[in-house]
Every structure is written in structure tokens, then in C-alpha cells.
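Peer 1: sequence and predicted structure are below.
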Amino acid sequence: MDTRSRPAEGFTVLEVIIAITVLMAALLGAALLFENAIVVSGNTRNRVVAANLATAAIEQVRGLAADPASFTSIPQTTTVLAGAAQKVNGMQFTVTQTVQFVGQNSTQSSCDSPGSNVGQIMEVHEQVTWASMGGTQPVQDVTVLSPPVGAYSGSLGSIATKVSDSTGAASQNINVQVTGPATQSQQTTAEGCAFFAFLPVGTYTVSVVGGGVGDQEVLAPAQTTSVSIGQTASLAFSYDTPGTITVTGWNPAAPPAATNIPISVANSGLQPYAQYSYAAGVTSLTPLYPYSSGYTVFAGNCTDNNPLGKDTNRTLFYPTAAPVPISVAPGGTASTTVPLYTLSLHVQNSSAVAVVAGTNTAAETTTFAVPYTAVCTSGTATGTAPTLGLVTTDASGNSVTSLPLGHWTITAKCVKGAAACTLANKVGTVNVWVQPGGVYAVNATGTAGAKFAGPVTVVVS
């Protein structure tokens, strides 16, 4: 047997592949480490640039704040600074500046802790962002500035206005205006605050103006307040994106509905009558404040047309009526039909001769004694109820019409020359109360009497 040494053999193909794989894994890991190092280095460089931009923006405000004449011109708002979108080393940076007054010993806005003018200081917040930030947090810087001596007179006061949405959350970038001895305008901060610092004393109107609606269905809600020496007047507004309810018809569709019926919405937040009314013929009910509790939609514009309406003793007209409210989201649209109730009439003269083709109307009765006096509205103010047109009588003197809930004075007319009115025009009236459960006679105070088992008879004379 030959025991001499054999020459060394070369690597097998498998060994080569394994070696290459190990080498590639090592190189890939090194590349990833290198890439991460580059990213970290880039982010660090970008944050340094952003910090310098934030500092420069704050120094610019400090320059204004050092001058008593310029301090009062510093806008209290959140804005992207003019020319702030700039490129540094090929990277675009954006500086957003927020300015608001805060209490000297408070981190809240002056709208949340207004107190007096004493100790009110200006807070300046800078936030810098840049392109391709990924998960990197923006750079932020905050400073506070005290009003320099001579900036304000001790004989001035302030107004703090807080704007919230329908959920109670602060509303940002809402335009608020004050008019009076001085006129100013600014947008709310992230805290929903518009603080008008150190105004001349007097009476002011404060308005919220924008694309929303106030909680009283007013597009530009306004409040009046007085500014006193050294004090801050505090106001609050509920303001949100309006919603819409579309009325698709009456329920039931037959018998025919009375003509000239207005439509209203009810919610306990609406003051003073918990309802808001639209003119006859309006089927798109908007703008509506998006109350979380929703709306009851009903025919008519008086408190006793409202299934949730209350009399002058604050007692419900219809204790058993509890319709399901309709929810309206901010900017959303809901649809519904509106309930009506059947009124059957029989019109005749004193000799029991039927009035054919007689004209009939229904007018809301608001002259009953308390507690049944109904209040009719026009928007948020008192108004008058329209007269409704009812179906004319047929060959038997009968008329069937759908109309809203409420106290009604029914008037029937017979034209001279008709079979029942050969010598003169004749008119007859009767008072009724249309309730969810039927039609009732009423006494002199408006209290419900007997329920009509059949048509309501109206005698013309």
C-alpha cells in the first residue's frame, strides 16, 4: 500500500457556494449598518437645520416684542410663516408658528384660565418639518414673551373666546372677529382660543365667521360683551360643520296634506323654544348644528305642533309622544318623512244642508288661556303661524285633510248662490285640538274635551 502523501484537493462547488453566501451575508449586514449610519447622520443634519430655523423664527418675534409699538401687532394665530417653505442643502423645510397669550403661571391658553389681565404673557411655539421625515418627529421650540413696558395701557381689558365643536373638542383655525371701540380678527389656536389682548374698554360684538354653523342654527353666531379695565371677558361658542335633513314627503301620504305647512326641527339645545322653523315649501333643512342627540322633525312652527313641545307651565303637550330622533353628522345628510294627522270635516248650514265645494282653512289658535298658549316661532325668534288650506268639501259636504298637531280654529266658508247659501255668504268656525291619538273638542282655556268619534261638524251661518 502506497503511504506517500496525496496532493491537497481543491474546494468543492458546495463549499464555494457556502463561502460566497457567508460573505454576502456579512457584506449585506455591513451595508445595512452603513445605510443606517447615513440615515442617522442625515436625520441629525436635518434636525440641526430645523433647530436653527426654529431659533431664527423665535428671534424674529423677540425682535418685534422688544419694541412696545410692534408688540401689539404680533398676530395671535397658527400660520405657516411667509417664506418658511425653503430649501437648505437641497431639503425643503417648513416652519409653522403658533402665537397665543397664556397666564403667567399656567400652561393653558388664556381662554381656559382667563382671570384678569395681570400676568398675561405671550407664548410663541415653532414647529419645523421637512420632506422625507419618515418616522422622525418634527423639531419644536417654545418661548414666552412678557409685554414690554409701554406696550399696553393699564386702562385696557381683554376678550377670551373659546370655540368648541359638537363633541366639545377645541376647534382650530376658526375665524373670530370683535367689533366695538376696536376691531380685530384672528383665528383660534389648537386650544380653540382667540384671545384679544388689552382692548379699549366698552361694549363689543364677538362673532364666529366661517363655513360652519352655531348651535342655534346661525351661520355667523355672535355674542355681546363688555370690556372692563384690567379684566378679561370670557365667551364660549359651539360651532361645527353643518348637516342637512332632507324631507322626502308626508307620512301618511294620504289623505292630501294641507297647504302652506312649514317644517321645524326640535332639540332641547335650541333656545328659547327648543325648536327651529323653516318656511313652507322648504324640504332641505340646513344648515343644522350636528347635535349628538339628533333632531325631531315635525310639521308646523308652533310649540303645540311639536310632539316634544311644552306649554307655558313647561308641561308637555303630548306626554306620550316620543319620536325617534334623527342623527345628523357634521357635513352629513339624513332623510325622513314628516308625520301628519287626519282631520275629517262635515260642513252644513243651520238647516243641515251640506255645503258643496266649500273652502276650509285651519289657523293655529294662540289665544287660549294658560297653560295651553302655543308659541309660534320664526327661526329663533317669536313669529306667527301661517293659515293652512284644507281640502274643499265634496258633494256630501265632507272634507278629509292631513295636518300637523296643534290647536286649530277651523273656518268653513259657503259662497252666496250655493245650495246651502242661496242668499248670502256664510261662515262657520270650530276649535279643535289635533293630538296623536285623535281630534278633540276644546273649551275656552284650550283644554281638551271629548274626542270626536266621526267628522267634526262645522255649521255656517
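Peer 2: On my side now, so go ahead.

Peer 1: any idea how the protein splits into domains?
Peer 2: Per automatic domain parsing, the structural domains of the chain span 62-240, 244-460.

Peer 1: make JSON lines from these and add distance to residue 56, mean neighbour count and mean pLDDT to it.
Peer 2: Placement of C-beta: from N, CA and C, glycine included. Shown next, in JSON lines, are these (distance: least, C-beta to C-beta, whole Å; neighbours: other C-beta atoms under 10 Å; pLDDT from 0 to 100):
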{"stretch": "domain 62-240", "distance to residue 56": "8", "mean neighbour count": "17", "mean pLDDT": "83"}
{"stretch": "domain 244-460", "distance to residue 56": "39", "mean neighbour count": "18", "mean pLDDT": "95"}
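
Peer 1: for these, give me JSON lines that also has distance to residue 53.
Peer 2: Output for the domains of the chain, formatted as JSON lines (distance: least, C-beta to C-beta, whole Å):
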{"stretch": "domain 62-240", "distance to residue 53": "5"}
{"stretch": "domain 244-460", "distance to residue 53": "36"}
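
Peer 1: nearest to residue 24, out of those domains?
Peer 2: Evaluated with C-beta to C-beta, the domains of the chain place domain 62-240 nearest to residue 24, the distance being 27.3 Å.

Peer 1: how far out from the middle of the chain is the strand ranked longest in the chain?
Peer 2: Ranked by number of residues, the top strand in the chain under DSSP state E is strand 91-103. Centre-to-centre, strand 91-103 and its host chain are 28 Å apart (C-alpha atoms, centre = their mean, to the nearest Å).

Peer 1: show me what the following helix or strand past it is packed up against.
Peer 2: Downstream of strand 91-103, the first helix or strand assigned by DSSP states H and E is strand 120-130. Helices and strands touching strand 120-130, by 3 or more C-beta pairs under 8 Å, 6 or more residues apart in numbering; DSSP states H and E, are helix 13-65, strand 91-103, strand 139-145.

Peer 1: quick one, strand 120-130 and strand 139-145 angle?
Peer 2: 160 degrees (axes from the mean of the first three to the mean of the last three C-alpha atoms, to 10 degrees).

Peer 1: what angle do strand 91-103 and strand 120-130 make with each other?
Peer 2: Using the same axes, to 10 degrees: strand 120-130 against strand 91-103 is 160 degrees.

Peer 1: quick one: strand 120-130 to chain centroid distance?
Peer 2: 29 Å.

Peer 1: now do stretch 371-391
Peer 2: 25 Å.

Peer 1: only C-alpha atoms, please: export it in CSV.
Peer 2: Presented in CSV, the C-alpha positions along stretch 371-391 are these (Å, rounded to 0.1, in the frame of the first residue of the first chain):
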residue,chain,number,x,y,z
PRO,A,371,-101.2,76.9,30.3
TYR,A,372,-102.2,75.9,26.8
THR,A,373,-101.0,79.0,24.9
ALA,A,374,-98.9,78.0,22.0
VAL,A,375,-95.8,80.0,20.9
CYS,A,376,-95.0,80.2,17.2
THR,A,377,-91.5,80.8,16.0
SER,A,378,-89.6,82.2,13.1
GLY,A,379,-86.1,80.8,13.4
THR,A,380,-85.0,81.5,17.0
ALA,A,381,-87.5,84.4,17.4
THR,A,382,-91.2,84.6,18.0
GLY,A,383,-93.3,84.7,14.9
THR,A,384,-96.8,83.9,13.5
ALA,A,385,-98.3,80.7,12.3
PRO,A,386,-99.5,80.5,8.7
THR,A,387,-103.1,79.7,7.7
LEU,A,388,-103.3,76.3,6.2
GLY,A,389,-105.5,75.4,3.3
LEU,A,390,-107.8,72.4,3.7
VAL,A,391,-109.4,70.2,1.1
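
Peer 1: what's the closest of the domains of the chain to residue 50?
Peer 2: domain 62-240 (3.8 Å).

Peer 1: that closest one: how far from the chain's middle?
Peer 2: Offset of domain 62-240 from its chain centre (C-alpha atoms, centre = their mean): 22 Å.

Peer 1: and it, how far apart are its ends?
Peer 2: Using C-alpha to C-alpha, to the nearest Å, the end-to-end distance of domain 62-240 comes to 35 Å.

Peer 1: can you check stretch 368-388 too?
Peer 2: Where stretch 368-388 starts and where it finishes are 19 Å apart, if you go by C-alpha to C-alpha.

Peer 1: repeat for stretch 254-267
Peer 2: End residues of stretch 254-267 are separated by 28 Å (C-alpha to C-alpha).

Peer 1: all numbers from here: first residue = 58
Peer 2: Right, with 58 as the first residue, what we last looked at is stretch 311-324.

Peer 1: just send the helices and strands packed on strand 177-187 back as a markdown table, with distance to residue 351 too.
Peer 2: Formatted as a markdown table, those follow (distance: least, C-beta to C-beta, whole Å):
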| stretch | distance to residue 351 |
| --- | --- |
| helix 70-122 | 46 |
| strand 148-160 | 35 |
| strand 196-202 | 40 |
